[in-house]
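In: fold the stuff below for me.
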Amino acid sequence: MTTLRAFGLIAVCAASGALGGYYAARFSPIQGQVAIVDMDLLLKEAIDNNQAKTEADGKALTERVKKATAPLVARGLVILDGQSVISAPEEAYVTVD
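Out: Residues are numbered from 1 along each chain as shown. All right, here's what the predicted structure looks like:
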């Protein structure tokens with residue numbers, strides 16, 4: 001009789017775990033696999049700060065963007081320019097310092 005109760009308990013635990021897992025998977029929000037960098041905004045801010053930007057400064061800005069997005073790319077995210085995006089949540093935008 002003890003073995004039968006043990007199997008019953010295991011069955012109930014397995015069923016409740018499967019139901020809980022289904023609920024968690026079904027109703028949990030999915031994080032997007034895309035990050036967005038608004039290059040036009042970055043360039044506008046750079047120009048507004050100093051009108052005499054040189055080609056070297058543009059390359060430095062590009063390197064800053066690459067450095068900021070490298071960890072995201074390593075995690076498998078796709079990086080898009082902000083002008084390519086029609087609509088996205090605010091969390092998808094990457095800040096470049």
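In: quick check, pLDDT for residue 50.
Out: Per-residue pLDDT puts residue 50 at 62.
In: show me the helices in the protein, by range?
Out: 2-27, 39-49, 55-74 (DSSP state H).
In: those helices into TSV, with extra columns for mean neighbour count?
Out: All C-beta atoms are positioned from the backbone trio N, CA, C, and that covers glycine. As requested, these are exported to TSV (neighbours: other Cβ atoms under 10 Å):
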stretch	mean neighbour count
helix 2-27	9
helix 39-49	12
helix 55-74	12
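In: need those in CSV with distance to residue 96, can you?
Out: Below are the helices of the chain laid out as CSV (distance: least, Cβ to Cβ, whole Å):
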stretch, distance to residue 96
helix 2-27, 34
helix 39-49, 6
helix 55-74, 5
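In: tell me which of the ones you listed sits nearest to residue 87.
Out: helix 39-49 (16.4 Å; Cβ to Cβ).
In: distance of the nearest residue in space to residue 65 that is not next to it in sequence relative to residue 21?
Out: Excluding its sequence neighbours, the residue lying closest to residue 65 (Cβ to Cβ, 6 or more residues apart in numbering) is residue 96, at 5.4 Å. Residue 96 sits 38 Å away from residue 21, taking Cβ to Cβ, to the nearest Å as the criterion.
In: residue 90: which of the helices of the chain is closest?
Out: Using Cβ to Cβ, the nearest of those to residue 90 is helix 39-49, at 13.4 Å.
In: so where's the chain shaky on pLDDT?
Out: Within the chain, the ranges that satisfy pLDDT under 70 run 1, 29-32, 46-56, 97.
In: quick revisit: ok, the residue nearest to residue 65 - contacts?
Out: By Cβ atoms under 8 Å, 6 or more residues apart in numbering, the contact set of residue 96 is 37, 42, 64-65, 68.
In: now with 6 Å, please.
Out: Residue 96 makes contacts with 64-65, 68, as judged by Cβ atoms under 6 Å, 6 or more residues apart in numbering.
In: for those, which one is nearest residue 17?
Out: residue 68 (40.4 Å).
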